[in-house]
Structure formats: C-alpha cells, structure tokens
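> could you look at this predicted model? Sequence included:
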Amino acid sequence: MAMMYRARASVGNVTSSGVAPVRGRWYFALVIGAFLLVAVSALVESSRSPATLHDAAAGFWVLVVLAILADTPVVTIQRPRAMPTVLTSITFCYSISYIWGYGSGRVTQAAAIVVASIFARRGFWPTLFDIGRYGLALATASWVFTLLGRPRPTPSDAADLIGVLVAALAWYVVFRLLTATGTWLCDGGTWARALIRDAPVEALSATALLLLAPMLVLLVYTDVWLIPLILAPLFAVSRMSRYYSEQQERALRDQLTGLPNRLALSEASEEPLRRCTGPGAGSGIAALLVADIAQMGRINDALGHDVGDRALVAIGRRLGSLADSRTLVGRLQGDEFAVLMWDLADLDDVLDHAARVRAVFDGPVPVDSQPLTVHVAMGIAVCPAHGTTFDVLARRAYTAMERAKRLPDPLVVFRFDQEMPSADQLTLLDDLRRALDEPGNHEVVPFWQPQVDMATGQVIGVEALLRWRHPTRGLVSPEHVIRVAEHSPVMRKITMTMIEQVLAQLAAWRSDGLVLRASLNVSVRDLYSTDLVEWLETRLRHYAIAPSQIQLELTESALMSQTVAVLASLRLLRRFGAGAALDDFGTGFSSLQHLRQLPLTEIKIDRTFTARISVDPPSEAIVRAVVNLGRELGLRVVAEGVEDDETRARLLADGCRLAQGWYYAGPMPADDLVRWLTARAARTSRP
Ligand code: C2E
Ligand code: CA
Ligand code: CA
C-alpha cells in the first residue's frame with residue numbers, strides 16, 4: 001500500500017503526497033508497459049548504432065557524465081524540490097542516441113533519471129514511469145532518424161536538419177501523450193485537460209533542450225572540451241521549467257499536507273461527477289464529504305501554530321490513507337478537509353464510506369508523540385441529488401457541516417431545507433448591506449426583551465435582539481440574518497449598528513430618567529481581535545454610558561474552537577467594566593472549561609433545558625447544577641425561555657432567580673418596552 005501511495009507523486013512533481021492514483025490498476029499497467037517497451041525496443045535498436053563507442057569516445061563519456069549530473073544539485077545548484085517539467089538530461093541523451101544509437105541513449109537516460117530521482121526523493125513508481133516515458137520518446141526519435149536515412153555521424157546538410165527537427169517533434173508528441181495519460185490515470189479529471197495542462201511550457205523547454213543537441217553533436221566531433229559551455233543555456237532552461245513546475249505544484253497541492261487542494265479536487269471531480277450525471281448514468285452516485293476540525297483554533301492558540309500544523313499533517317496523512325481508486329482526499333483550507341467518493345450504490349453506501357472517514361477521528365492523533373483528541377464536524381452532499389458540480393456540492397456539504405457543528409451527531413447529510421436558494425441569499429445579503437449603509441437606517445433595529453428577577457418581579461435588564469424589517473419580505477428572523485451574513489464583512493456592520501443603536505437608545509432613556517442594563521449579542525468572530533471592544537469603549541465614552549450598563553453575549557457553541565482568540569477581547573471588556581455572558585449554556589461541549597477560563601459575569605441557561613424542567617428530571621438536575629455552579633463562581637445565572645408559570649415556579653424552587661421569556665414578555669420595540677415597564681410599575685405600585 002505504502003508504495004502505491006508514493007506512486008501518486010508520479011507524473012507531476014511531488015515526492016510524497018501519500019495519495020493513491022485515481023485509476024490505480026491502469027496507471028500501474030501503463031508504467032510497467034512503458035518500461036517493458038523501452039527495454040525491448042532498446043535491445044532491438046542497439047544493433048543498429050550509427051557509430052561505435054570507440055568513435056569519439058571522449059565525447060561519449062563527457063556527454064554521459066553531463067547527462068547524469070544535469071538534473072542534480074551539482075549543476076542546478078538548488079535542491080531539486082520539484083522536478084522540472086522536462087529533464088535537462090534529454091539534450092545529452094538525444095545527442096548520444098543520434099551518434100551512438102538508441103541503446104546507449106536509453107541507458108544513459110535511465111541512469112540520469114534514477115540519479116535525479118534519488119536527489120528529488122521521488123518514489124519507485126514515478127521513477128519507473130519516467131524511465132518509460134523518456135525512453136519511449138527517445139525510441140520514437142531514434143526510429144525517425146533511422147527512417148530518414150540515418151545513420152550518419154554528424155548532421156551536415158539541410159536534410160539532416162529537417163531530420164533533427166522531425167525527430168524532436170516525434171519525441172515531444174510521444175512524451176506529451178504518455179505524460180498526459182499518466183497524469184489522467186493518476187490524478188483523475190479528463191484526459192483532454194491532462195493533455196493541455198503544462199503543455200506550453202513543456203513544449204518550450206523540450207524544443208530548447210532538443211534543438212541544442214545538434215550543436216553538441218558537432219562539438220563531439222570538433223572540440224569536446226567546449227561541451228560543458230552548453231551547460232549555461234541548459235541551466236537557464238531548466239531553471240525556467242523548474243520554476244514553472246513549482247508554481248504548478250503550488251497551484252494544485254496543499255503545501256502543508258501534500259494533499260490535493262481545492263482546485264485539484266475540483267478538477268479531479270469533473271469526471272466522476274460527469275459519470276454519475278451524464279447520459280445513461282449507471283455508475284452510481286458520488287458524494288463530497290467536508291470535515292472541519294472543531295478545536296483547531298484552540299490547539300493553535302494553546303500549543304502553538306507549529307503543533308497545529310503538525311496535527312493537520314497527521315490528520316491529513318490519516319485521511320490520505322483512505323484514498324483509493326474511488327476516493328480522493330484533499331485539504332480545502334485551514335482545518336477543512338474534503339473527501340470525494342464515487343461509484344457508490346446508494347445513500348447507505350455513502351454512509352458506510354463516511355463511517356470510514358469518521359473512524360479516522362476515533363482515536364487521538366499523535367502529535368510529537370502526544371495524543372491529541374480531535375473533534376470534527378462533517379457534512380455530506382450527494383451527486384446528483386444535491387448538485388452536479390464540485391462547487392455546488394462543496395457549498396452544500398458546508399451547509400450540512402455547519403449544521404453538524406450545532407448538533408451532537410458530528411455527521412450530517414445535506415437537506416434542502418438547511419439552506420435558502422443561494423441567489424436569494426445573495427440578494428438578501430445585498431439588501432442587508434444597503435439597509436445598514438443607509439444613513440439613519442430604519443430597517444435593522446433592536447427589539448428589547450426584559451430580564452426579570454422572578455422572586456421580586458423587578459426588571460434587572462434587557463436583551464437587545466436584532467430585527468430586520470425588510471421592505472418587501474417583512475420581518476426577517478435574526479437567525480436568518482446571521483446565517484446569511486455570518487461569513488461576510490456585513491456581520492461586523494450588524495454588530496456595530498446594534499451597538500450604536502443600543503447605546504443611543506440607552507442615552508435617550510437616561511434623559512427620560514430610565515436607566516437600564518442592556519445585553520447585546522455578538523458573533524465570536526467580532527472578538528477575534530480587540531478592535532471591536534476598543535471601539536465599544538470609545539462609543540460608551542461618546543454617549544457617556546457607564547460600561548457596567550452593557551454586557552456582550554457570546555454563544556457557547558461558537559466559542560468552542562476559539563476560546564483563546566477571544567480571551568483578550570473579553571479581558572479588555574472586563575477591564576473597563578462591561579460584562580460578558582455565556583449564552584445558550586449547555587449546548588456546547590466544553591462548558592466547564594469555559595467557565596474556568598473566561599472572565600464572565602453571567603451564564604444563560606439555554607431554553608432547551610428551561611423548557612423541559614418540569615417534565616424532564618435530568619434537565620432539572622442540570623439547571624440546579626448550573627445555578628450552584630454560578631453561585632460558587634460568582635456569576636449571575638439567567639434562565640432563558642420561561643414560557644409559563646409552572647416553569648417559573650420550578651426554577652425559583654431550584655434556586656434560579658433571574659429569567660427571560662414570553663411568560664414575562666417577548667422581544668418588543670423600544671416604545672412598547674417603555675409602555676410595558678410603565679404598566680408594570682403601575683401594577684406593582686398599586687396598593
Ligand atoms: P438568543 O441570544 O438565545 O436570544 C434569545 C432568543 O429566544 C430570541 O430569539 C428570543 O426572541 C427568544 N425567546 C425569548 N423568550 C422566549 C421564550 O419564552 N420561548 C422561546 N421559545 N423563545 C424565546 P430571536 O430574537 O429570534 O433571536 C435568535 C438568536 O439570534 C439569538 O438567540 C441570538 O443568538 C441571535 N441574535 C439576535 N440578535 C442578534 C444580534 O444583534 N447579533 C448577533 N450576533 N446575534 C443575534
Ligand atoms: Ca442572547
Ligand atoms: Ca440564548
């Protein structure tokens with residue numbers, strides 16, 4: 001198996017991608033076939049050498065030595081991280097073939113390839129394939145020489161020149177066809193794409209290298225010691241082609257893990273996806289699985305980016321071991337990996353394969369011989385049911401994955417009700433941006449929901465909840481707004497708009513004699529840097545609002561992976577006196593850890609616990625435990641989603657005093673809140 005993985009490093013230039021060829025059996029057949037053909041043809045050809053080795057023996061050995069050194073650091077100076085698209089040694093081997101026959105040319109070429117491969121640490125199969133494709137190209141050129149009336153030791157007239165040109169062309173055609181077929185069998189994608197990939201630069205290099213050969217041939221017979229001078233132009237050509245290879249390499253392969261990157265996956269997916277959607281699509285279905293490592297941010301923050309990188313490499317290697325002729329593994333970006341699977345029978349088959357991916361994360365990943373437990377969220381989209389192109393499948397697998405992050409089950413299959421039509425989403429995002437940019441925006445506003453001390457009935461604060469009054473769609477729910485905006489810069493605008501409006505409202509209420517404490521929801525991304533909190537401080541000063549009147553709420557599940565990143569923001573927030581609440585407490589994974597690490601002032605028990613408190617003893621036990629925990633840690637505990645009197649009474653009995661919920665009031669516009677407060681005050685002051 002291990003050998004097979006290395007084979008993937010094949011035709012292209014990588015040395016250790018750890019990925020098996022897409023069409024493994026055919027690829028190996030091609031490699032072995034090409035190699036055998038070279039061996040056999042060399043035997044046949046060698047008997048017809050135009051010159052014997054005794055002719056110009058010094059020249060022969062100079063060419064052999066230069067051929068072998070041409071692609072090693074001795075001549076290239078740099079370590080050959082990437083092999084050039086065309087090896088420089090072909091100039092020498094082509095010359096040797098011309099003068100002394102294909103047999104010697106082939107042996108020299110094979111030796112040069114082996115030496116270059118050792119320096120570039122290429123695997124067995126890529127090296128064998130190189131011997132095959134360079135050898136067959138040379139064989140073809142050599143047949144052309146013979147066909148055109150060679151052997152003649154030196155090119156000496158126009159006919160010879162044409163012969164050299166035609167043979168070079170034949171060399172290139174065979175080389176290109178073999179390379180393209182190898183790339184296609186190895187990396188997937190279409191044959192046509194493999195045929196044109198790299199072709200221009202390869203053609204340029206091959207022409208430059210092969211057409212230098214006639215000069216060499218002349219020098220062999222005139223002045224052998226001038227031959228090394230030819231190294232300078234060869235060096236230039238080889239640098240150019242090596243540089244190009246590296247660029248290509250970078251464009252298609254993830255530098256850290258050596259796995260195919262998004263572009264490579266997308267190209268390789270074309271054919272499998274076409275197969276399951278094309279006419280007579282009888283070859284089953286395909287699926288794209290996207291996996292996101294949940295606490296990568298935390299690993300980076302706590303153990304350093306080096307360790308994080310090594311963890312990704314280790315995970316990449318494990319995932320890479322799943323690759324086979326129907327499975328391709330790649331890294332999309334950061335902590336996101338993708339597994340493309342095809343030729344699957346049905347959804348059960350997809351899930352079976354997904355279970356293999358899942359099993360990769362079962363045990364801890366050893367990093368620097370330390371076991372690291374990683375949690376993943378995985379989303380799957382199926383072709384053709386959910387999309388027929390890589391981009392659409394990726395987007396939908398992401399949607400499913402985002403959902404998995406919020407559920408106990410780490411693997412979620414996409415369903416259409418998880419997303420809105422994407423065009424719609426974009427228009428909505430545009431509308432949102434426009435609404436936020438409008439001076440004196442009236443569409444995006446806070447609604448206010450009171451928080452009440454259940455024992456005394458006193459209002460202890462309000463939570464500002466975003467409402468968007470869309471001109472044609474009506475009220476858009478905040479969850480919908482956040483989902484649309486979450487990964488765009490609009491999210492930051494929303495937060496700033498909310499902060500600005502909340503502070504302006506608090507200032508207005510204060511001049512009417514009403515002082516309230518307000519909570520605001522922020523996205524965890526808002527706190528990755530301290531900018532937002534710094535800006536909040538300047539706005540508080542601008543409105544002359546006491547920082548203790550403001551609290552930021554962060555959802556626990558969002559915090560999961562980024563605790564350390566937001567720590568600085570929370571510390572700053574607390575330093576100037578504002579509060580921080582952990583929202584939806586109990587829905588994330590590492591709650592107790594958060595309580596210990598973060599400088600919080602409040603925990604909000606998620607309404608899934610509150611709602612079931614009177615029917616579900618475990619929920620009640622959790623609520624009771626959280627209340628005690630809050631007391632011990634000196635944190636305010638607020639129960640969310642109190643909808644009825646029974647829940648209220650139960651909470652009070654369990655020691656929870658503060659609540660928020662429809663039982664008291666739902667979120668409402670500012671004016672309604674004032675009326676509600678006034679009515680309530682009138683009721684409680686009545687004798
Ligand atoms: P949340 O922070 O957990 O807010 C509480 C949600 O519970 C609100 O939903 C509120 O209307 C609802 N709610 C209040 N009392 C009850 C009740 O008794 N029963 C039930 N079933 N629900 C109740 P809403 O306003 O739809 O907000 C949904 C979520 O959207 C919020 O959940 C919060 O995570 C997010 N959100 C709202 N405004 C903002 C904002 O300005 N910025 C950010 N980043 N997120 C916001
Ligand atoms: Ca909240
Ligand atoms: Ca909440």
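Structure received. Ligands and ions are numbered 1, 2, ... in the order given.

> and the residue in the stretch 151-300 of the chain positioned nearest to ligand 1, what element?
Nearest residue of the stretch 151-300 of the chain to ligand 1, counting by Cβ to the nearest ligand atom: residue 297, 18.4 Å away. All C-beta spots, glycine's among them, are computed from the backbone N, C-alpha and C. Element membership for residue 297, per DSSP states H and E: helix 296-303.

> just give me the neighbour total for the residue of the stretch 151-300 of the chain closest to ligand 1.
Other residues within reach of residue 297, judged by other Cβ atoms under 10 Å, total 21.

> and the gap between it and residue 533?
Separation of residue 297 from residue 533 (Cβ to Cβ, to the nearest Å): 18 Å.

> hmm, back to that, what helices or strands is the helix holding residue 297 leaning on?
Packing partners of helix 296-303 (3 or more Cβ pairs under 8 Å, 6 or more residues apart in numbering; DSSP states H and E): helix 305-320, helix 563-575.

> would you format these as CSV with distance to residue 363, mean pLDDT and mean neighbour count included?
As requested, the helices and strands packed on helix 296-303 are exported to CSV (distance: least, Cβ to Cβ, whole Å; pLDDT from 0 to 100; neighbours: other Cβ atoms under 10 Å):
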stretch, distance to residue 363, mean pLDDT, mean neighbour count
helix 305-320, 10, 89, 20
helix 563-575, 24, 88, 18
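
> that older thread, the helix holding residue 297 vs helix 563-575, what angle?
80 degrees (axes from the mean of the first three to the mean of the last three Cα atoms, to 10 degrees).

> what about the nearest residue to residue 546 once chain neighbours are set aside, which SS state?
If the residues on either side of it in the chain are set aside, residue 546 comes closest to residue 577, at 7.4 Å by Cβ to Cβ, 6 or more residues apart in numbering. Following DSSP: H, G, I helix; E, B strand; the rest coil, residue 577 is assigned to coil.

> which ones are touching residue 577?
Residues in contact with residue 577 (Cβ atoms under 8 Å, 6 or more residues apart in numbering) are 546, 547, 548.

> closest to residue 435 out of those residues?
residue 547 (28.7 Å; Cβ to Cβ).

> what's the burial count for the residue in the stretch 401-550 of the chain that ligand 3 sits nearest to?
Here the stretch 401-550 of the chain gets closest to ligand 3 at one residue, residue 521, 8.2 Å apart by Cβ to the ion. Applying other Cβ under 10 Å, we find 21 residues neighbouring residue 521.

> residue contacts, the closest residue to it other than its chain neighbours?
Nearest residue to residue 521, sequence neighbours excluded (Cβ to Cβ, 6+ apart): residue 553, at 4.9 Å. The neighbourhood of residue 553, defined by Cβ under 8 Å, 6+ apart, consists of 463, 519, 520, 521, 522, 580, 581, 582, 583, 604.

> report how many residues lie close to the second one.
Summarising burial for residue 519: neighbours were counted as other Cβ under 10 Å, giving 24.

> now it, what's its secondary structure?
strand.

> is it bridged to anything, and to what?
Beta bridges link residue 519 to residue 463, residue 551, judged by DSSP bridges.

> roughly how far apart are it and residue 674?
18 Å.

> please apply the same query to the third one.
Going from residue 520 to residue 674 by Cβ to Cβ gives 19 Å.

> listing request: residues of the stretch 351-500 of the chain with sub-threshold pLDDT.
Within the stretch 351-500 of the chain, the segments meeting pLDDT under 70 span 419-422.

> all helices for it, in order.
Taking DSSP state H, counting those that start in this stretch as the criterion, the stretch 351-500 of the chain contains helices spanning 390-405, 422-437, 478-485, 490-511.

> CSV for those, including mean neighbour count?
Formatted as CSV, the helices of the stretch 351-500 of the chain follow (neighbours: other Cβ atoms under 10 Å):
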stretch, mean neighbour count
helix 390-405, 22
helix 422-437, 14
helix 478-485, 17
helix 490-511, 18
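
> which stretches of the protein aren't confidently modelled?
Scanning the chain for pLDDT under 70 picks out 1-22, 45-56, 76-83, 149-159, 188-189, 278-283, 419-422, 557-563, 588-591, 686-687.

> who touches the residue lying closest to residue 436 once chain neighbours are set aside in this structure?
Spatial nearest neighbour of residue 436, chain neighbours left out: residue 493 (4.7 Å); criterion: Cβ to Cβ, 6+ apart. Residues near residue 493 by Cβ under 8 Å, 6+ apart: 433, 436, 437.

> now the first one: closest residue in space that isn't a chain neighbour?
Nearest in space to residue 433, with sequence neighbours left out and distances taken as Cβ to Cβ, 6+ apart, is residue 490 at 5.4 Å.

> so what's that neighbour up against?
Per Cβ under 8 Å, 6+ apart, neighbours of residue 490: 429, 432, 433, 436.

> just those residues now: which is nearest residue 163?
Once Cβ to Cβ is applied, the member of the contacts of residue 490 that ends up nearest residue 163 is residue 429, at 64.5 Å.

> from the chain's centroid, how far away is the longest helix along the chain?
Longest helix in the chain by number of residues (criterion: DSSP state H): helix 158-187. Relative to the chain's own centre, helix 158-187 is displaced by 36 Å; criterion: Cα atoms, centre = their mean, to the nearest Å.

> quick one: list the elements packing against that helix.
helix 24-46, helix 90-100, helix 124-147, helix 191-196, helix 199-211, helix 213-222, helix 262-275.

> picking that back up, now the residue nearest to residue 546: how far from ligand 3?
23 Å (Cβ to the ion, to the nearest Å).

> next, residue 337: secondary structure please.
Once three-state DSSP is applied, residue 337 turns out strand.

> can you get me a residue count around it?
28.

> swap in residue 235?
Residue 235: 15 surrounding residues under other Cβ under 10 Å.

> does it sit in a helix or strand, and which one?
Secondary structure from DSSP H and E places residue 235 in helix 231-252.

> got the angle between that helix and helix 158-187?
Going by the same axes, to 10 degrees, helix 231-252 makes 30 degrees with helix 158-187.

> can I have helix 231-252 written out in PDB, keeping just the CAs?
In PDB, the C-alpha atoms belonging to helix 231-252 read as follows (Å, rounded to 0.1, in the frame of the first residue of the first chain):
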ATOM      1  CA  LEU A 231      25.600  24.000 -19.500                       C
ATOM      2  CA  ALA A 232      24.800  27.700 -19.200                       C
ATOM      3  CA  PRO A 233      21.800  27.800 -21.600                       C
ATOM      4  CA  LEU A 234      20.700  24.400 -20.300                       C
ATOM      5  CA  PHE A 235      20.800  25.700 -16.800                       C
ATOM      6  CA  ALA A 236      18.600  28.700 -17.800                       C
ATOM      7  CA  VAL A 237      16.000  26.400 -19.500                       C
ATOM      8  CA  SER A 238      16.000  24.100 -16.600                       C
ATOM      9  CA  ARG A 239      15.500  26.900 -14.100                       C
ATOM     10  CA  MET A 240      12.600  28.200 -16.000                       C
ATOM     11  CA  SER A 241      10.900  24.900 -16.200                       C
ATOM     12  CA  ARG A 242      11.600  24.000 -12.600                       C
ATOM     13  CA  TYR A 243      10.200  27.400 -11.500                       C
ATOM     14  CA  TYR A 244       7.100  26.700 -13.600                       C
ATOM     15  CA  SER A 245       6.800  23.200 -12.100                       C
ATOM     16  CA  GLU A 246       6.900  24.700  -8.600                       C
ATOM     17  CA  GLN A 247       4.300  27.200  -9.400                       C
ATOM     18  CA  GLN A 248       2.000  24.500 -10.900                       C
ATOM     19  CA  GLU A 249       2.700  22.300  -7.900                       C
ATOM     20  CA  ARG A 250       1.800  25.100  -5.600                       C
ATOM     21  CA  ALA A 251      -1.400  25.800  -7.500                       C
ATOM     22  CA  LEU A 252      -2.700  22.200  -7.200                       C
END
